[in-house]
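**Student:** Next comes the sequence, and after it the predicted model I'd like to discuss.
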Amino acid sequence: MTAEDTKPEAKAQPTQEPAAETESAVTVVPPSFESDVSEDEEEEAFEAIEADEDLLADADLDILDIDLTHLKIRDFAKLGLGRFKQLETLCLRQNISPSTDGLEEVSDTLVDLDVYDNRIGKIENVNHLVNLTNLDFSFNKIRHIKNVSKLTKVINFYLCQNKIQEIRGLDNMPDLVNLELGANRIRVIENLDHLKNLRQLWLGKNKIRKLSGLSGLESLETLSIQSNRITKIEGLEKLKNLEELYISHNGITKIEGLEHNTKLRTLDITGNPITTLEGVSHLKDLEEFWASDCKLSNYKEIETELGQLPNLETVYFERNPLHRENPATYRNKVRLCLGPSLRQIDATFIKS
């Protein structure tokens, strides 16, 4: 350490960046800091951010988009959002508001509302926003899906990382295409049959024991249900448009129940106690097959089940017995089992 290193440095002063405004949008940027400012100093500096009621003081009343991300806003009501009669997009991500108070004033012209990563305990004060198409309540403390009965135009609804135990309250969202419910406390897949336009359903990291309640989702293309408690692949017979199935890290012991899912392009069974590779040779559209951390040991099964798939480009078998027994020759053996379309084994691309 030199003498120069020991000189006291002037404490970094927070600077409130001006709102970046155009005729149609306003974005307030949090203070910037030098890289050598400690976390404690940065925390103190954030206190200098303008009071909630001042953040939009100079904003044009005709703006269409407001972005107030990561500004430690405690009370949305103090923002005076009702002034903006033409608002279409409102982003209040990564603040510390415990409620949606103040959103009842927002104009019903709004189509995109994002309150991701706050401390919100209830969905409320948004049911009048009848033109919403995108709604994000992820990373909050919500326990129930309710007070959304008038939001009939919602296409994308994000609710991951909350405390939701039951799938309810979606009866009036016929246009829903993408539903994100990962990392909640859901035990049963239910009350989804009416969502005829749903294409993506994300249910990873819940407490689901059985694949059920999916038969009405005939438009579904992506189903993600990894890290649950499922022991059997079943109930997918009606999902004939399914293209991506992520069912890793469950308790599945057998690949089965995919006879009617012939459009599958990606199948992820990683981290399941599967000992036999079977039940996939008919999936002629399959491009990606992920089976790391299983209990597969037979190269002949790889050849039989996957060797004739004309579109297969990527496979993962690392940390299976067939990999551990002879890691030096493992990838070459896998390559010899598969067809000319193969481009990648695990994280390694095949040289042409």
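**Tutor:** Perfect, I can see it now.

**Student:** isn't there a helix covering Pro53?
**Tutor:** Just to correct that, residue 53 is Glu rather than Pro. Yes - assessed with DSSP: H, G, I helix; E, B strand; the rest coil, Glu53 lies in a helix.

**Student:** quick one: low-confidence parts of this structure?
**Tutor:** In the predicted model, the chain carries pLDDT under 70 at residues 1-23, 29, 31-50.

**Student:** per-domain residue ranges of it.
**Tutor:** 1-185, 212-352 (automatic domain parsing).

**Student:** Kindly reformat those as TSV containing mean neighbour count.
**Tutor:** Bear in mind the C-beta positions are built from the backbone N, C-alpha and C, glycine included. Below are the domains of the chain laid out as TSV (neighbours: other Cβ atoms under 10 Å):
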stretch	mean neighbour count
domain 1-185	17
domain 212-352	17
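
**Student:** Would you mind putting these into JSON lines with distance to Gly204 alongside?
**Tutor:** Formatted as JSON lines, those follow (distance: least, Cβ to Cβ, whole Å):
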{"stretch": "domain 1-185", "distance to Gly204": "4"}
{"stretch": "domain 212-352", "distance to Gly204": "5"}
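
**Student:** closest to Asp193 out of those?
**Tutor:** Proximity to Asp193 (Cβ to Cβ) singles out domain 212-352 among these, at 3.1 Å.

**Student:** Endpoint to endpoint, the closest one covers what distance?
**Tutor:** Across domain 212-352, the terminal residues are separated by 44 Å (Cα to Cα, to the nearest Å).

**Student:** Please shift the residue numbers so they start at 49 in all later answers.
**Tutor:** Okay, residue one is now 49; in that scheme the one you just asked about reads as domain 260-400.

**Student:** and Ala125, backbone torsions?
**Tutor:** Main-chain dihedrals, Ala125, degrees, to the nearest 10: phi -60, psi -30.

**Student:** scratch that, Glu152 is what I was asking about
**Tutor:** phi -70, psi -20.

**Student:** Helix, strand, or coil at the residue nearest to it when sequence neighbours are not counted?
**Tutor:** The shortest distance from Glu152 to any non-neighbouring residue, by Cβ to Cβ, 6 or more residues apart in numbering, is to Asn173 (4.2 Å). For Asn173, the assignment made with three-state DSSP gives coil.

**Student:** which residues does Asn173 contact?
**Tutor:** By Cβ atoms under 8 Å, 6 or more residues apart in numbering, the contact set of Asn173 is Thr148, Asp149, Gly150, Leu151, Glu152, Asn195.

**Student:** Isn't the fourth one up against Leu129?
**Tutor:** Yes - in terms of Cβ atoms under 8 Å, Leu151 counts as a neighbour of Leu129; the distance is 7.1 Å.

**Student:** which strand residues sit across from the residue positioned nearest the centre of the chain in the sheet?
**Tutor:** In the chain, the centroid-proximal residue (Cα atoms, centre = their mean) is Glu228; its distance is 6.1 Å. Using DSSP bridges, the beta-bridge partners of Glu228 come out as Tyr206, Trp250.

**Student:** got a list of what the nearest residue to Ala339 once chain neighbours are set aside touches?
**Tutor:** Nearest residue to Ala339 in three dimensions, chain neighbours excluded: Ile317, at 5.2 Å (Cβ to Cβ, 6+ apart). For Ile317, the contact set (Cβ under 8 Å, 6+ apart) comprises Ile295, Ser296, Ile300, Ile303, Trp338, Ala339, Cys342.
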